[in-house]
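>>> Requesting a structural model of the entry that follows:
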Amino acid sequence: MNVGMDPIDWWVMGGTILFIVIYGIWKSRGSTDIRGYLLSNQDMKWWTIGLSIMATQASAITFLSTPGQGFGDGMRFVQFYFGLPIAMVIISMVAIPIYRRLNVYTAYEYLEQRFDLKTRTLGALLFLLGRSLAGGITIVAPAIILETILGWDTTITCIGIGILVLLYTVSGGTKAVSQTQQQQMAVILIGMFVAGIVMVWKLPAEVGFLDALDIAGKSGRLNIITLPDSWSNFVEDRYNILSGLVAGTFLALSYFGTDQSQVQRYLGGKSVTEIRIGLMFNAIFKVPMQFAILLVGVIMFVFYLFVPTPMFFNEQEREAVVQSEYGSQYLELEQEYAQLDAARTDAWSTYLQQKKSGNEAGRASAMESALAVTAQADSVRKLGVGLIERREGSRAKDQDRVFLTFILNHLPIGLVGLLMAVIFSAAMSSSSAELNALASTSLVDIYKRQIKADGSDKHYVSMSRWLTLGWGVLAVIFAIIAGQFENLIEYVNILGSLFYGTILGLFVVAFFFKKVGGDAVFPAALMAELLVLALYFLPKISPEMFESLQVGYLWLNLIGSTAVVVLSLIWKALFGQSEAATQGDEGNAL
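Residues are numbered from 1 along each chain as shown. Next up, the predicted model:
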């Protein structure tokens, strides 16, 4: 059932959101020139850069989906971030000095100086396409919250959230985004720390923190480092140590080195040193932060072993299937699940009793029984989800609702509002950064470069605001569509992987293959992007025919970037390139 919030929680949440909006508008007052609006006058310190980068990536999806990921699949998702520190070192050594020396507004300006206008435009358009789609997903996450609390339609809530974000992003640009993100990250870190403490405190008296870790480990939830099931299918496996270190590095290189929503966070840095320290700050703290959030999800899994647990956490979908032709079947499964849920609690309690008594044989037998009844409960739940999927128009997803259900049902008054403020702060932070970057790229790389090159600063600032508003409207539309997705954090990364590899390939050729020009890299990038899209979509269109093409989405980043490099070298060898294609290369040697 939907659980409303106490008035105190509404005041805590509403006051935090109102403060962020007003603070962003106030801190960015006076932004009238284009450099101040887009680059914050290049006066940002390392801590502002570091927190801004973390806040941009740590969207509301992180704090809704990541605990749900830990709840459902354990800790192995943390391997996704293992390539981040490696990528940050490479970006600091290679990309930062070039961006700073050329004094660019966007990363894609460099592509024209290195190659040509068409290559710059291609890179910008790939970013605009991928980031605009992902921007919708960051808005829909908090919309799910209000849908759960109030039963509001996601269309209405997405529009409302979009308006809140646009209020200060349109008025203040990059400075408003970067300044507010410091406060947002403070709220986020405090809130998640408190949630973890309360979750451990809420465990039954006989279940200590170490007991919870023991049960999680026995249930396969502490799988921090995993290897592929077999070497033959290691490319298909999404989360393992190889995909994290190799494919994850390429994804991080693409995201932090060529995605304008991240690049813009540090282009406004005061110096190369400040930028590098900010990036290293993110590299050091991001992995532990994600580890801690996943651990919250794992502890939540143990918590729900000892309290009555719903078979399905999405209450709206449950009510819909109960009213459908499958209602009687679903209610029967729900009764069976409730019995197994109670038996599961007893089984794990018995396991802990036997463990503490030192009876090794009894402990082993109790653990076997506990795992067996847990597997039975999972099987019944899958049958229930199958009934939900049969109903036309259903959304058989609830992983993003698990942490939200815990917040609403088990946190004390006041803390519920704080956790809601965490999720809204994260949503506003990442959404505002994305809209700011989309507007900057479309202004600098498309409008200013190809439509109106002789406008005044006042004109460009005004146009940037209009572009921010336009991208905000599109993001809301995409958000409404994104509400159909199964797990939001995976879909954000999937969308990025469809485009980031090709963009990264453009920059790899630009940085390291000086003799390759735009005439070769442009067609190579087009072919590489078609290859990536084919690898992702063909197995979904016809699984039987294209089963051999199935790869984990993280590897699309490596495949896309490698394809650009290889195909551009082949194209140059076969067809050569015009003399003009090598111009603009001076000063770019590494």
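
>>> Can you name the residues that contact Ile90?
Going by C-beta atoms under 8 Å, 6 or more residues apart in numbering, Ile90 touches 253, 257. C-beta here means a position set from N, CA and C on the backbone, and glycine is covered the same way.

>>> State the helix or strand in which it lies.
Here Ile90, judged by DSSP states H and E, is contained in helix 84-102.

>>> could I get that helix in PDB with only the CA atoms?
Only the C-alpha atoms of helix 84-102 are listed here, as PDB (Å, rounded to 0.1, in the frame of the first residue of the first chain):
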ATOM      1  CA  LEU A  84      37.500   4.700 -13.100                       C
ATOM      2  CA  PRO A  85      40.900   5.500 -11.400                       C
ATOM      3  CA  ILE A  86      42.800   4.300 -14.400                       C
ATOM      4  CA  ALA A  87      40.700   6.500 -16.700                       C
ATOM      5  CA  MET A  88      41.200   9.500 -14.500                       C
ATOM      6  CA  VAL A  89      45.000   9.200 -14.600                       C
ATOM      7  CA  ILE A  90      44.900   9.000 -18.400                       C
ATOM      8  CA  ILE A  91      42.600  11.900 -18.800                       C
ATOM      9  CA  SER A  92      44.700  14.000 -16.500                       C
ATOM     10  CA  MET A  93      47.900  13.300 -18.400                       C
ATOM     11  CA  VAL A  94      46.500  13.500 -22.000                       C
ATOM     12  CA  ALA A  95      43.300  15.400 -22.300                       C
ATOM     13  CA  ILE A  96      43.500  18.100 -19.700                       C
ATOM     14  CA  PRO A  97      46.600  19.900 -21.000                       C
ATOM     15  CA  ILE A  98      45.200  20.000 -24.500                       C
ATOM     16  CA  TYR A  99      41.800  21.300 -23.500                       C
ATOM     17  CA  ARG A 100      43.400  23.900 -21.300                       C
ATOM     18  CA  ARG A 101      46.000  25.000 -23.900                       C
ATOM     19  CA  LEU A 102      43.300  25.400 -26.600                       C
END
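
>>> Output the below-cut-off pLDDT ranges for the stretch 201-350 of the chain.
For the stretch 201-350 of the chain, the stretches flagged by pLDDT under 70 are 228-238.

>>> which residues in it form helices?
Using DSSP state H, counting those that start in this stretch, the helices found in the stretch 201-350 of the chain span residues 209-218, 241-242, 248-258, 260-267, 272-303, 315-322, 327-357.

>>> Let me have these in a markdown table, extended by mean neighbour count.
A markdown table is the format used below for these (neighbours: other C-beta atoms under 10 Å):
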| stretch | mean neighbour count |
| --- | --- |
| helix 209-218 | 17 |
| helix 241-242 | 18 |
| helix 248-258 | 27 |
| helix 260-267 | 28 |
| helix 272-303 | 21 |
| helix 315-322 | 17 |
| helix 327-357 | 17 |
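
>>> Output the ones you listed as CSV; include the columns distance to Phe537.
Converted to CSV, these look like this (distance: least, C-beta to C-beta, whole Å):
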stretch, distance to Phe537
helix 209-218, 36
helix 241-242, 24
helix 248-258, 19
helix 260-267, 24
helix 272-303, 29
helix 315-322, 27
helix 327-357, 33
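
>>> Would you mind saying which of the ones you listed lies nearest Gly518?
Gly518 sits nearest to helix 248-258 of all the helices of the stretch 201-350 of the chain, at 16.6 Å, using C-beta to C-beta.

>>> which outside residues touch the helix or strand just after the helix holding Ile90?
With elements assigned by DSSP H and E, the helix or strand that comes after helix 84-102 is helix 107-114. Contact with helix 107-114 is made by 95, 98-99, 102, 104, 119-120, 123-124, 127, 257-260, 263, 441, 444-445, 449, 506-507, 510, 584-585, 588, as judged by C-beta under 8 Å, 6+ apart.

>>> So for Pro412, which of the helices of the stretch 201-350 of the chain sits nearest?
Comparing the helices of the stretch 201-350 of the chain by C-beta to C-beta, helix 272-303 comes nearest, at 15.3 Å.

>>> helices and strands around the closest one, which ones?
Contacts defined by 3 or more C-beta pairs under 8 Å, 6 or more residues apart in numbering; DSSP states H and E place helix 272-303 against helix 46-57, helix 60-73, helix 84-102, helix 154-201, helix 209-218, helix 260-267, helix 402-410.

>>> Low-confidence ranges, the stretch 401-550 of the chain, go.
If you take pLDDT under 70 as the line, the stretch 401-550 of the chain has these spans: 482-493, 547-548.

>>> Which stretches in it count as helices?
Using DSSP H, counting those that start in this stretch, the helices found in the stretch 401-550 of the chain span residues 402-410, 415-441, 457-482, 488-512, 518-541.

>>> Mean neighbour count, the ones you listed: which tops it?
Of all the helices of the stretch 401-550 of the chain, helix 415-441 has the most neighbours on average by mean count of other C-beta atoms under 10 Å, namely a mean of 27.

>>> these two touch, right, Ala320 and Arg391?
Yes. Between Ala320 and Arg391 there is a contact at 6.5 Å, judged by C-beta atoms under 8 Å.

>>> Put together JSON lines for the helices of the stretch 401-550 of the chain, with distance to Ile163 on each row.
Output for the helices of the stretch 401-550 of the chain, formatted as JSON lines (distance: least, C-beta to C-beta, whole Å):
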{"stretch": "helix 402-410", "distance to Ile163": "22"}
{"stretch": "helix 415-441", "distance to Ile163": "11"}
{"stretch": "helix 457-482", "distance to Ile163": "8"}
{"stretch": "helix 488-512", "distance to Ile163": "21"}
{"stretch": "helix 518-541", "distance to Ile163": "33"}
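
>>> what sits against the nearest residue to Leu340 once chain neighbours are set aside?
Distance criterion C-beta to C-beta, 6 or more residues apart in numbering; nearest residue to Leu340, sequence neighbours excluded, is Ala377 at 4.1 Å. Counting by C-beta under 8 Å, 6+ apart, Ala377 touches 337, 340-341, 344.

>>> what about Ala377, is that helix, strand or coil?
With DSSP: H, G, I helix; E, B strand; the rest coil as the basis, Ala377 sits in helix.

>>> Can you list the low-confidence ranges for the stretch 1-150 of the chain?
Looking at the stretch 1-150 of the chain by pLDDT under 70, you get 1-4, 24, 27-42, 55-61, 141, 144-146, 148-150.
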